[in-house]
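Chemist: 3D model of this:
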Amino acid sequence: MSRAIAVAALALAVLLAVGCSPKPPPPTVNASMTQVMAPQTQTIWDITSHAFNARGDGLDAAKISPADWAKLEEAGRQLRDRALLLANAPHVIAAAPGETIMGADAVGAPSKIGNTWDAASARQVQAMIDANPKLFAERARILADAGGTVVKASKTQDVGPLYKVSSGMDEVCDGCHQKFWGTDEPPPYPK
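Modeler: Below you'll find the model as predicted:
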């Protein structure tokens, strides 16, 4: 066998082996929420809350520094990318074995509205996702679109779409939490 054929055969074998190896599972929903969605959304809110115009009905681009535009772009990119990863996953896992989901450690504690906090368990969240994976993917794509809008607005420094996303992000989050976590009331902060 000639050297060129041997090299080509080896290259083909490597490509086939890499292409046939199973993809790692996507991060859990819980890890995505605690490590990406919540912190990046908070970055967007922190920056935009300091950029309101004098009337308080929009944002003033002059109040957003170049460094903040860069932070907004990165926050939007991380939101978009993680949400798309979850939206396109063949099977989403709510939480890893033994992983406590946000709010689970507060079950039974009084809530601000007078009722007892009743967070869904990881098992319950998984059951809700498994019952309607198409809706979960749809909600994840809505979040991805919001992140994509932040990226685009950051590149063009357009405060109009940035304001729309920032002011509507709570509803985007609640649209998924209500359906797959069973509540939109935030849990008490852990002590």
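Chemist: all the helices of the chain, in order from the start?
Modeler: Under the criterion DSSP state H, helices of the chain are mapped to 3-20, 29-32, 38-49, 66-87, 122-131, 133-156, 159-180.
Chemist: which among those is found nearest to residue 57?
Modeler: helix 159-180 (8.7 Å; C-beta to C-beta). Quick note: C-beta positions are derived from backbone N, CA and C, even for glycine.
Chemist: from what I can see residue 50 touches residue 63, true?
Modeler: Yes - counting by C-beta atoms under 8 Å, residue 50 touches residue 63, with 6.3 Å between them.
Chemist: rewinding a little: how about CSV for the helices of the chain, with distance to residue 101 and mean pLDDT added?
Modeler: Below are the helices of the chain laid out as CSV (distance: least, C-beta to C-beta, whole Å; pLDDT from 0 to 100):
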stretch, distance to residue 101, mean pLDDT
helix 3-20, 34, 54
helix 29-32, 5, 92
helix 38-49, 12, 96
helix 66-87, 15, 98
helix 122-131, 5, 91
helix 133-156, 15, 97
helix 159-180, 11, 92
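Chemist: ok, residue 41 - contacts?
Modeler: 75, 79, 169, 173 (C-beta atoms under 8 Å, 6 or more residues apart in numbering).
Chemist: which neighbours do residue 50 and residue 63 share?
Modeler: Common neighbours of residue 50 and residue 63 (criterion: C-beta under 8 Å, 6+ apart): none identified.
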